[in-house]
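> After the sequence you'll find the predicted model.
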Amino acid sequence: MADPEVVRLRSGANVALSTLMPAPGGVVVGFSWQVVEARGPAVQLVPSAIVCGPNGKAVSSEHLVFFNQLASPDGTVQIISDTADEEQIEVDLREVPASVDKIVLMVYVDPDLRRPGTFAAVRHAFFRVYDRSGREMVRYDIEEYSAEVNAMIFGELYRHRGEWKVRAIGQGYSTGLMGVGETFGVSL
């Protein structure tokens, strides 16, 4: 159960991290979900982060952080291991280069394990942001699941007027990781 002081976002809403922690530094983004049991292989979800510059595109293809590329080139965004969530990404906000405007938080269905896998088999998906002490600050519960969607942008960490904010998005893609890659200029 989430702490009652946790800011719960709805799609499109945002909150400044400076209102939740005195000096935003290191944060952890946790991704969780449940997959509906079915006969045959289960849907395998893959969380990832895309580190973007001022043009809204990935700084480079090496700025897609996921299980095959565990950290951004500068190490400020990285996959970490923990049992509190299905997957976690740690972001050192103080050290993220000034040329980075946002970090897109997305999850896609691994196409190599099951075709056609979609979010129709997913329930209770959310992302949460908490500080390094483990205090949950922000949570966004995905509100819709679709048989058409096989990749979804859950949210983003972004800079606005010199401060970091969290935005809930929930935008689905029926074109999978390739479609997200095209949107953000990542070569896959």
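The structure has been received and is ready for your questions.
> From here on, just use CA atoms for contacts and neighbour counts.
Will do.
> how about the helices of the protein, start to end?
Here the chain has its helices, by DSSP state H, at 176-184.
> Look up how far residue 87 lies from the residue nearest to the spatial centre of the chain.
Closest to where the C-alpha atoms of the chain average out (Cα atoms, centre = their mean) is residue 105, at 2.3 Å. Separation of residue 105 from residue 87 (Cα to Cα, to the nearest Å): 12 Å.
> what's the closest non-adjacent residue to residue 151?
residue 108 (3.9 Å; Cα to Cα, 6 or more residues apart in numbering).
> One more: residue 159?
Residue 159 sits nearest to residue 101 (Cα to Cα, 6+ apart), 5.5 Å away.
> Quickly list what residue 106 is bridged to.
On the basis of DSSP bridges, residue 106 is bridged to residue 48, residue 153.
> show me where pLDDT drops low in this protein?
Residues of the chain that meet the criterion pLDDT under 70 lie in 1-4, 39-41, 82-83, 112-116.
> what number of residues lie near residue 77?
27 (other Cα atoms under 10 Å).
> before we move on, what about residue 23?
Count around residue 23 with other Cα under 10 Å applied: 12.
> can you tell me how far it sits from residue 180?
Residue 23 sits 32 Å away from residue 180, taking Cα to Cα as the criterion.
> ok, back up a step: which residues do residue 105 and residue 87 both contact?
Contact criterion Cα atoms under 8 Å, 6 or more residues apart in numbering; residues shared by residue 105 and residue 87: residue 47.
> still on that earlier bit, what's the neighbour count on the residue nearest to residue 159?
23.
> pretty sure it is in contact with residue 54, am I right?
Yes - between residue 101 and residue 54 there is a contact at 5.4 Å, judged by Cα atoms under 8 Å.
> Now do the strands in this structure.
Here the chain has its strands, by DSSP state E, at 7-9, 14-16, 26-35, 45-52, 64-65, 77-80, 87-92, 102-109, 122-131, 136-141, 151-160, 163-173.
> what's the closest of these to residue 185?
Proximity to residue 185 (Cα to Cα) singles out strand 45-52 among the strands of the chain, at 9.4 Å.
> Now the closest one - C-alpha only, PDB.
Coordinates of the C-alpha atoms in strand 45-52 are reproduced here as PDB (Å, rounded to 0.1, in the frame of the first residue of the first chain):
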ATOM      1  CA  LEU A  45       7.700  -6.600 -20.300                       C
ATOM      2  CA  VAL A  46      10.900  -4.600 -20.600                       C
ATOM      3  CA  PRO A  47      11.300  -1.200 -18.800                       C
ATOM      4  CA  SER A  48      13.600   1.300 -20.300                       C
ATOM      5  CA  ALA A  49      14.600   5.000 -20.300                       C
ATOM      6  CA  ILE A  50      15.400   7.200 -23.200                       C
ATOM      7  CA  VAL A  51      17.700  10.200 -22.400                       C
ATOM      8  CA  CYS A  52      16.600  13.100 -24.600                       C
END
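> If anything else comes up later, I'll come back, but that's it for now.
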